[in-house]
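Colleague: coordinates for the following, if possible.
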Amino acid sequence: MLTPVPAPPAAAVIERALREFQLPATEEQVLQIQQYMRILLIWNEKVNLTAIRKPLEILYRHFCESMYAAEAIPVKNGRLADIGSGGGFPGLPLKIMRPDLQVFLVESNIKKVTFIAEVIRELGLSGAQVLGGRYQELAEEVAPLDYVCSRALGEFPGFLEWARSEQIAAKQVILWIGARDLPEIQKIGTWEWREPIAVPHSLRRLLLVGTKRSSQISASR
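Modeller: Reported below is the predicted structural model:
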């Protein structure tokens, strides 16, 4: 017997969760989150988009934690590339929070690329584009960038070198990381790191923001 696909949380539950993260949202944004979650829960039965199965946990971990950067950093208008986007996180939730943001979602898994494209189409998101392939092979497709972001990508030295390259010229990098990764990243001196921001409802997950150093400063370190 097939297990029924779980339903997304009610609008009131989504609104309450967003308030816990101090995220103001319109009725339309709440409905977009709900619609996104509905598509995710259906697709996740066949494509492994997230190991988290409970709708409420998906709401908090994937949506609220992604959107939190919009206010905490803050992420405003501009051009953002989400590297290793997976199920569209954090790039698409940030796009929902900041509709004027130009978002590029970079993902190498073709099934996940297809899913992200479906979400963009279903939600009618203009200014959002999914790019299939490895981020190392991209340059003029996304540059110049105001923000480069990633959740749980790993391989930090290579990723950060790519982000600061002349071809990409990212102004800021935004990382969702575990506390154990913090010392390794802070040693990378080509970026000026802000104090890490604790993610609400989490003991060890952090938001870390870096601004590219000038070559003269980084060379002297």
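Colleague: so what does the lengthiest helix in the chain touch, helix or strand wise?
Modeller: Criterion DSSP state H: the longest helix present in the chain is helix 27-43. For helix 27-43, the elements it packs on are helix 11-20, helix 55-58, helix 91-97, helix 110-123, judged by 3 or more CB pairs under 8 Å, 6 or more residues apart in numbering; DSSP states H and E. Every residue, glycine included, has its C-beta placed from N, CA and C.
Colleague: which SS class is residue 148?
Modeller: Here residue 148 is strand, with the state taken from DSSP: H, G, I helix; E, B strand; the rest coil.
Colleague: can you pull the contacts of it?
Modeller: 80-81, 83, 163, 168, 170, 172-174 (CB atoms under 8 Å, 6 or more residues apart in numbering).
Colleague: which strand residues bridge it?
Modeller: For residue 148, the beta-bridge partners are residue 81, residue 173 (DSSP bridges).
Colleague: contacting residues for the residue most central in space within the chain?
Modeller: Central residue of the chain (CA atoms, centre = their mean): residue 90, 1.7 Å from the mean position. Contact analysis of residue 90 by CB under 8 Å, 6+ apart lists 65-67, 69, 82, 149, 151, 176.
Colleague: same thing with residue 177?
Modeller: With CB under 8 Å, 6+ apart, residue 177 has these contacts: 152, 185, 205-206, 208.
Colleague: got JSON lines for those, with neighbour count and secondary structure too?
Modeller: Formatted as JSON lines, the contacts of residue 177 follow (neighbours: other CB atoms under 10 Å; DSSP: H, G, I helix; E, B strand; the rest coil):
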{"residue": "152", "neighbour count": "13", "secondary structure": "coil"}
{"residue": "185", "neighbour count": "19", "secondary structure": "helix"}
{"residue": "205", "neighbour count": "18", "secondary structure": "strand"}
{"residue": "206", "neighbour count": "18", "secondary structure": "strand"}
{"residue": "208", "neighbour count": "19", "secondary structure": "strand"}
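Colleague: and which of those is nearest residue 36?
Modeller: residue 152 (19.2 Å; CB to CB).
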